[in-house]
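> Sequence first, predicted coordinates after that:
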2 protein chains.
Amino acid sequence: MKKISLLLIPFVVIFGINAQSIKDIQSVQKPLLLKAQGSFYVGGERLNQTFEQLGSFGPAGNITVNQMYVHYMIPQKIKGLPVIMIHGMTLTGKTWETTPDGRMGWDEYFVRKGHSVYIPDQVGRGRSGFNQAVYNDAKAGKIEASKVPSIWRFSDETSIPNFRIGTTEGNPNAEGKFPFEALSELSKQAVPDISMSLPNPNPTFKALADLSADLGKVVLLSHSQSGSYPLDAALVNAAGVGAMIFVEPGHCPSGLKPEQLSVLTKIPTLVVFGDYLTQPTGVPHSWQTAYDGCRKYVEEVNAAGGKAEMMHLPEKGIKGNSHMLMQDKNNLQVADLILNWLKGI
Amino acid sequence: MKKISLLLIPFVVIFGINAQSIKDIQSVQKPLLLKAQGSFYVGGERLNQTFEQLGSFGPAGNITVNQMYVHYMIPQKIKGLPVIMIHGMTLTGKTWETTPDGRMGWDEYFVRKGHSVYIPDQVGRGRSGFNQAVYNDAKAGKIEASKVPSIWRFSDETSIPNFRIGTTEGNPNAEGKFPFEALSELSKQAVPDISMSLPNPNPTFKALADLSADLGKVVLLSHSQSGSYPLDAALVNAAGVGAMIFVEPGHCPSGLKPEQLSVLTKIPTLVVFGDYLTQPTGVPHSWQTAYDGCRKYVEEVNAAGGKAEMMHLPEKGIKGNSHMLMQDKNNLQVADLILNWLKGI
């Protein structure tokens, strides 16, 4: 249980994490001045479902699925493009909010730096909901249970090495920057991932493209599973995509067609990776392979006249970063590097 | 698709809802000044799950379930108790955010009135995630598909009469206050409700009690399915429960034991109902019966020395309110009545 004690002393907010018997004190902050904040949905598809598909609760009828929830904050003084931050696998928009150890997330930091920030939950996850019909159909015997798509979760034992936080519980990477003492809070951020039952293409791509175009010109910033989503969105409609930032992408695409490359070369792109790329992950995925593939993508885009850049933090002398860069102890230092790159595009 | 156009003209934010070809213009607002905002989890239980239960994706191991996501905003100038707003069935914390037609939600309005606001997703819903094991177990043949708990959804055709918005699509209640033109946006707020697979008692009760106690003294404000959750939380631990507000509760409890009544009589309680209580709902639920049960509860609490109050809006001359009071066109008028009641406790 995360115990939150908000002592209402001006300028001081104290967070305590009960399970770990530690207290993290957020240092003095200036108040946050917002022009606006709120939430809305993008996209969505109306489907007619049966009584059984709706859980045998209310009469048959239409529901909406494949919509994308988006929370936003707009700073009073705007100093750059809006940034849409897209989370990774088995996670939600929570990724970008308060860190597991109670520090400021990238959402607020980017707002404080003058960027409007939009945080979606991927279609099928979190507040975006999912299409439950297939599970209820199996219960009702309408389809074979074995045909129901799997729902994915990572165990903590998988996340620790695969997110390059450490090797096993109690064994963080030496000089690792992830707040290892708050690992149980990262575990709470994980939710079921029903990607296997989404339509193809993933409706999140079009939702991101539509949101970008509606906002005029934006930065699409992705993470892990969503690594190449900005690119997928740009290939649906590049009108609103002003820049792409892939943070620790699970993979970068290869074999792009010339007409695709001609779209992507017009969009400044940054790829960011942390440390420990060769660490064994315990799953059939290698971060070094992901890194190598992204380096090739960057070279391909640049060879075609684009402006793409690899940022491997250890090469900048910044060591110890995990896959969860935005939650690492130096998360604001990494954010500053990204913000600085944005100033230069 | 909800089209959001944020023209960055000072003090004017324009929302357009594409599907409906309308433009709703939020009027001039003062900037929102926050001492802090962010999110965290309360509670959670660690479970060891098999390879199959985790969706046959990563190795077996421990995950966290039954945690409760909470988003919060703390105003710079505090003028009252923190308010925890708990959403209803098949919905999430989105209930309290920007309304379907793009107006300010109760979350921001209460903050602007000086209350810190905490918005959870009920355990098992939205960013709180859910325990997916049972669905994957059925797929793997470990349990019979027919034994899998149902996942609930309301169709739009059910919501319209049951939420007392209208009778059918295209037929709003005469003088109804719900923004009927934005009905498709309400539909997008609905997500699968896995209440049937939650442990008993619902872990949300203890999470609310723990959060309340951690914050010192709070107002628990509930809606619909969560109607009596404040009371359930208080019966777990009343230490942090300073007041309870049931907005359109699905039901109020009866047959309370003397030792339970002695807890509840110490907590000022308000029950709020809108209009059209006798309208046919199309489901086996009557709002008039809910209202009558709550009136009895209020009488019982007051007879035992408590301080409980019914607020039936039509009796105050406020007509046309739906079940979704916090999204109705006069949502801030209704909020003011609640805020005024809070000043008097």
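Looks like it came in fine.
> Confirm for me that A:Glu181 is in contact with A:Asp101.
Yes: taking contacts as CB atoms under 8 Å, A:Glu181 lies within contact range of A:Asp101: 6.8 Å. The way it works is simple: take the backbone N, C-alpha and C, and place the C-beta from them, glycine included.
> For those two, work out which one has more neighbours and name it.
Higher neighbour count among A:Glu181 and A:Asp101: A:Asp101, with 20 against 16, using other CB atoms under 10 Å in any protein chain shown.
> Show the backbone phi and psi for that one.
According to degrees, to the nearest 10, the main-chain angles of A:Asp101 amount to phi -100, psi 20.
> The one 4 residues further on too?
Recorded main-chain torsions at A:Gly105 are phi -80, psi 170, according to degrees, to the nearest 10.
> Work out for me the element A:Tyr41 sits within.
Under the criterion of DSSP states H and E, A:Tyr41 resides in strand A:32-49.
> Flag every buried residue along that strand.
A:32, A:34-44, A:49 (16 or more other CB atoms under 10 Å in any protein chain shown).
> Show me what that strand is packed against.
Under the contact definition 3 or more CB pairs under 8 Å, 6 or more residues apart in numbering or on different chains; DSSP states H and E, strand A:32-49 sits against strand A:61-75, helix A:106-112, helix A:203-215, strand B:13-17, strand B:32-49, helix B:183-188.
> gap between it and the chain center?
A distance of 17 Å separates the centroid of the chain from that of strand A:32-49, by CA atoms, centre = their mean, to the nearest Å.
> average model confidence for that strand?
Average pLDDT, strand A:32-49: 96.
> Export that strand to PDB, keeping only CA atoms.
Provided in PDB are the C-alpha atoms of strand A:32-49 (Å, rounded to 0.1, in the frame of the first residue of the first chain):
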ATOM      1  CA  LEU A  32       1.800  25.000 -11.400                       C
ATOM      2  CA  LEU A  33      -0.100  27.600 -13.500                       C
ATOM      3  CA  LEU A  34      -2.400  26.000 -16.100                       C
ATOM      4  CA  LYS A  35      -4.400  27.700 -18.800                       C
ATOM      5  CA  ALA A  36      -6.500  24.500 -19.000                       C
ATOM      6  CA  GLN A  37      -6.600  20.900 -18.000                       C
ATOM      7  CA  GLY A  38      -9.100  18.100 -18.700                       C
ATOM      8  CA  SER A  39      -9.700  15.000 -20.800                       C
ATOM      9  CA  PHE A  40     -11.500  13.800 -23.800                       C
ATOM     10  CA  TYR A  41     -11.700  10.800 -26.200                       C
ATOM     11  CA  VAL A  42     -10.500  10.400 -29.700                       C
ATOM     12  CA  GLY A  43     -11.900   8.000 -32.200                       C
ATOM     13  CA  GLY A  44     -14.100   5.000 -31.300                       C
ATOM     14  CA  GLU A  45     -16.300   2.600 -33.200                       C
ATOM     15  CA  ARG A  46     -20.000   1.800 -32.500                       C
ATOM     16  CA  LEU A  47     -20.800  -1.900 -32.300                       C
ATOM     17  CA  ASN A  48     -24.100  -3.700 -31.800                       C
ATOM     18  CA  GLN A  49     -23.700  -6.500 -29.200                       C
END
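> Confirm A:Met310 sits in a helix?
No: using DSSP: H, G, I helix; E, B strand; the rest coil, the assignment for A:Met310 is strand, not a helix.
> quick one, the helix or strand hosting A:Gly293 and strand A:308-312 angle?
Per DSSP H and E, A:Gly293 falls inside helix A:287-303. Using axes from the mean of the first three to the mean of the last three CA atoms, to 10 degrees, the inter-axis angle of helix A:287-303 relative to strand A:308-312 is 150 degrees.
> Need the residues that contact helix A:287-303.
A:164, A:227, A:246, A:248-254, A:256, A:261, A:264-265, A:269, A:271, A:273, A:276-279, A:281, A:307-310, A:312, A:323 (CB atoms under 8 Å, 6 or more residues apart in numbering or on different chains).
> now do 7 Å
Here helix A:287-303 makes contact (CB atoms under 7 Å, 6 or more residues apart in numbering or on different chains) with A:164, A:246, A:249-254, A:261, A:264-265, A:269, A:271, A:273, A:277-278, A:281, A:308-310.
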